[in-house]
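Peer 1: Following is a predicted model, sequence given first.
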Amino acid sequence: MVTNILSTQKQSALTAHMSQVFNYMVAGVGLSGIVAYLTVHNAVLLNIALKGGLIWGIAWMAFGFFMHKIIFSLQPKQGLAVFAGFSALTGFAFAPIALVYTGASIATAFAVAAMMFGGASLYGYISKKSLSGWGNFLMMGAWGLMGLIVVQIVMSLFGSPLAGMSLLISALAVPLFAGMTAWETNQIKENFAAYGGNEVMRSRIAIFSATSLYMNFVVMFMHLLNLLGNRE
């Protein structure tokens, strides 16, 4: 009887933790959408976003590399503020895509990304086995993809972009980040089991997990848009 009660309490605590992670993540996506909309409809902001495209891209990737150190060095409220600021910056930086792709294409890519993300997250959550073994494979894939992106950027700077490379990168990125979403969702459960008793650490993990899943979703959306989108 006591064991059943404790098991129920642990499951309820995990459910609350997971709900917090995905509420933060969804709120971040929503904030990005609002900022993107405001940017597109403000000529001054849109001009700044257009001129600083490379800078925003570098800043976005740099945050991805250092976000673990940043979030875990802050108190939860400060970490949540950083995530909100990052979400706003993402919406601002990526707003110019509305000038490149049709509204229908953006909506379609978003819907497909949401379904893929949801399916991958559900698999990671309901899986009875640990997916920790996926980690090294996914990291190798991510570094390989980064190498392809660097090659494409360098070739573009020299005026000789490789034909079809952009589509190849996107075709590899979508399943890779879907896999990362499933893996990270599964790891949230394991991290909660280890740190759920420490409220400050648990809160930091929730914010970090939400940020990481948010980035997965954004990357999937952008690459799906590259694959499926119709240009203006």
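Peer 2: Done, it's in. Remember, it's a predicted structure, so these values are computed and weren't measured experimentally. Numbers count the residues shown, from 1 in each chain.

Peer 1: can you give me the strands for the chain?
Peer 2: Using DSSP state E, no strands are found in the chain.

Peer 1: and stretch 77-90, C-alpha only, in PDB?
Peer 2: C-alpha atoms of stretch 77-90 as PDB (Å, rounded to 0.1, in the frame of the first residue of the first chain):
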ATOM      1  CA  LYS A  77      13.900  33.000 -12.400                       C
ATOM      2  CA  GLN A  78      17.000  34.500 -14.100                       C
ATOM      3  CA  GLY A  79      17.400  31.400 -16.300                       C
ATOM      4  CA  LEU A  80      13.700  31.700 -17.300                       C
ATOM      5  CA  ALA A  81      14.300  35.300 -18.200                       C
ATOM      6  CA  VAL A  82      17.200  34.300 -20.400                       C
ATOM      7  CA  PHE A  83      15.100  31.700 -22.200                       C
ATOM      8  CA  ALA A  84      12.400  34.300 -22.800                       C
ATOM      9  CA  GLY A  85      15.000  36.700 -24.200                       C
ATOM     10  CA  PHE A  86      16.400  34.000 -26.400                       C
ATOM     11  CA  SER A  87      12.900  33.200 -27.700                       C
ATOM     12  CA  ALA A  88      12.300  36.800 -28.500                       C
ATOM     13  CA  LEU A  89      15.600  37.100 -30.300                       C
ATOM     14  CA  THR A  90      14.800  34.000 -32.300                       C
END
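
Peer 1: Report the distance from that stretch to the chain centre.
Peer 2: Averaging C-alpha positions (CA atoms, centre = their mean, to the nearest Å) puts stretch 77-90 13 Å from its chain's average.

Peer 1: Contacts made by it with the rest, please.
Peer 2: Residues outside stretch 77-90 that contact it (CB atoms under 8 Å, 6 or more residues apart in numbering) are 24, 27-29, 31-32, 35, 56, 59-60, 63, 67, 70-72, 74, 203-204, 207-208, 210-211, 214, 218. Placement of C-beta: from N, CA and C, glycine included.

Peer 1: Show me what counts as buried in it.
Peer 2: By 16 or more other CB atoms under 10 Å, the buried positions in stretch 77-90 come out as 79-80, 82-83, 86-90.

Peer 1: Check the residues you listed against Tyr195 and report the nearest one.
Peer 2: Closest to Tyr195 out of the buried residues of stretch 77-90 is Gly79 (14.7 Å), distances taken as CB to CB.

Peer 1: What residues sit buried inside the longest helix seen in the chain?
Peer 2: Counting by DSSP state H, the longest helix found in the chain is helix 2-40. Of the residues in helix 2-40, those buried by neighbour count under the rule 16+ other CB under 10 Å are 14, 17-18, 20-22, 24-25, 27-29, 31-32, 35-36, 39-40.
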